[in-house]
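Asks: Sharing a sequence plus its predicted fold:
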Amino acid sequence: MPNLAAKLHIKNIQQVLYQALSEAKILPKKIDYIAYTKNPGLIICLQIGKTVAETLSLYLNKPLIPVNHLEGHIYASLINQEKEWEFPALALIISGGHTQIYQLNNHFEFVLLGETLDDAIGECLDKSAILLGYNYPGGPIIEKLALTGKNTYQLPFPKNDDSLDFSFSGLKSEISRLVNQEGKKINDNNLACSLQNILAEILTKKLKKAWTISRAKTIIIGGGVSANKFLRNYLTKNIKKWDKEIKIFIPEIKYSTDNAAMIGILTYYKINFKYGFQAKK
Ligand code: KG4
Ligand code: ZN
């Protein structure tokens, strides 16, 4: 997979760059800064992005700004948004590689409160879909299956304790056990619905614990799994019950999964808040 990903990056990067400039109707000379994703991610793909960004920066004579992918998922919630976060804020990252809760006392002051000890939540969805015989990415498939399913399977809540850490590998093992035990009798729709429900319950419980400690004024939810409409609604409904004054920021669905716009907005905030330059939003 890393080799395939690298080949596709090399094959597509130029076309992506041309298309992005043409859709944004921007000439290269109008660009003020060049940002790229430094980490985390597949090294070989990050390296391709870095090389292209460095070349552009040198050619256009514009500053080069390396940024963090996970921070991008959090700042994606500020795209097309008039309102700003109020601090302290909590950020829940739910993606294919990460499940983490951060406290933010100001822009770029991240304090890690808890994270998964094994699989990420997206990985759990992806592996579960594969166990049921579907393809990658599993998240959107599970979401679609769950639309016509019922919450009938009793799935475990791993790491149901007082910590802010998560664990998802036990859920995948339980799904594997059910698939082996029930064979063709398994109801994919009900299992998908049950999985979404237990994941929503886990995220809500851990987030509430973090909020009780931090009394955050803002809760931000980002990462590919935040594209899931059921999880977005479930979390929003519950957070409002804790305190209806909490500001909830979730990126628009098209900016929830990996995208370059989130790297753009993150860089805008970084330039203005961290480096003290002035940039237009
Ligand atoms: O953030 P992302 O695009 O890539 C990483 O940084 O990992 O997240 C990808 C993850 C995958 O596990 C994918 O199955 C999941 O996000 N995902 C979803 C949905 N769309 C993508 N999970 C649940 N429901 C969705 N609609
Ligand atoms: Zn991501």
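Replies: Structure's in. What do you need? Numbering: from 1, shown residues only. Ligands and ions are numbered 1, 2, ... in the order given.
Asks: ok, is stretch 165-172 in contact with ligand 1 or not?
Replies: No. Stretch 165-172 does not reach ligand 1 (Cβ under 6 Å from any ligand atom); its nearest approach is 11.1 Å. For every residue, glycine as well, the C-beta is placed using N, CA and C.
Asks: Can you measure across that stretch, start residue to end residue?
Replies: 17 Å (Cα to Cα, to the nearest Å).
Asks: So what touches that stretch?
Replies: By Cβ atoms under 8 Å, 6 or more residues apart in numbering, the surrounding residues in contact with stretch 165-172 are 99, 114-121, 123-124, 127-128, 131, 155-156, 158-159, 195, 198-199, 202, 206.
Asks: Next: stretch 40-49.
Replies: 2-3, 5-6, 9-10, 13, 36-39, 68-70, 97-98.
Asks: Now do the contacts for Ile121.
Replies: The contact partners of Ile121, by Cβ under 8 Å, 6+ apart, come to 94-95, 99, 166, 168, 199, 203, 225.
Asks: Swap in 7 Å and give it another go.
Replies: With contacts defined as Cβ atoms under 7 Å, 6 or more residues apart in numbering, Ile121 is in contact with 94, 99, 168, 199, 225.
Asks: And the pLDDT at the residue in the stretch 1-150 of the chain that ligand 2 sits nearest to?
Replies: Of all residues in the stretch 1-150 of the chain, Ser95 sits closest to ligand 2, at 4.3 Å by Cβ to the ion. Note for Ser95: predicted pLDDT of 98.
Asks: so where is this protein shaky, pLDDT-wise?
Replies: 279-281 (pLDDT under 70).
Asks: mind checking the longest helix of it?
Replies: Longest helix in the chain, counting residues (DSSP state H): helix 188-214.
Asks: what's around the residue lying closest to Glu84 once chain neighbours are set aside, how many residues?
Replies: Nearest non-adjacent residue to Glu84, counting by Cβ to Cβ, 6 or more residues apart in numbering: Leu78, 7.4 Å away. As a burial measure, Leu78 scores 21 neighbours (other Cβ atoms under 10 Å).
Asks: Phi, psi for Leu78 please.
Replies: Main-chain dihedrals, Leu78, degrees, to the nearest 10: phi -100, psi 0.
Asks: could you check the distance from it over to Ile271?
Replies: Per Cβ to Cβ, to the nearest Å, Leu78 is found 14 Å from Ile271.
Asks: Please enumerate the shared neighbours of those two.
Replies: With Cβ under 7 Å, 6+ apart, Leu78 and Ile271 have no common neighbours.
Asks: how about the contacts of stretch 40-49, which pair is most distant?
Replies: Ile10 and His98 (25.8 Å; Cβ to Cβ).
Asks: okay, these two: which has more neighbours?
Replies: Neighbour tally, Ile10 and His98, criterion other Cβ under 10 Å: the higher count belongs to His98, 20 against 12.
Asks: hang on, the more buried one packs against Asp119?
Replies: No. Counting by Cβ atoms under 7 Å, Asp119 is not a contact partner of His98; they are 10.6 Å apart.
Asks: Please pick the buried ones from the contacts of stretch 40-49.
Replies: Among the contacts of stretch 40-49, the ones that count as buried by 16 or more other Cβ atoms under 10 Å are 6, 9, 36-37, 68-70, 97-98.
Asks: possible to save the residues you listed as JSON lines with distance to Lys150 and secondary structure?
Replies: Formatted as JSON lines, these follow (distance: Cβ to Cβ, whole Å; DSSP: H, G, I helix; E, B strand; the rest coil):
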{"residue": "Ala6", "distance to Lys150": "42", "secondary structure": "helix"}
{"residue": "His9", "distance to Lys150": "41", "secondary structure": "helix"}
{"residue": "Tyr36", "distance to Lys150": "45", "secondary structure": "strand"}
{"residue": "Thr37", "distance to Lys150": "40", "secondary structure": "strand"}
{"residue": "Asn68", "distance to Lys150": "40", "secondary structure": "strand"}
{"residue": "His69", "distance to Lys150": "36", "secondary structure": "helix"}
{"residue": "Leu70", "distance to Lys150": "34", "secondary structure": "helix"}
{"residue": "Gly97", "distance to Lys150": "31", "secondary structure": "coil"}
{"residue": "His98", "distance to Lys150": "30", "secondary structure": "coil"}
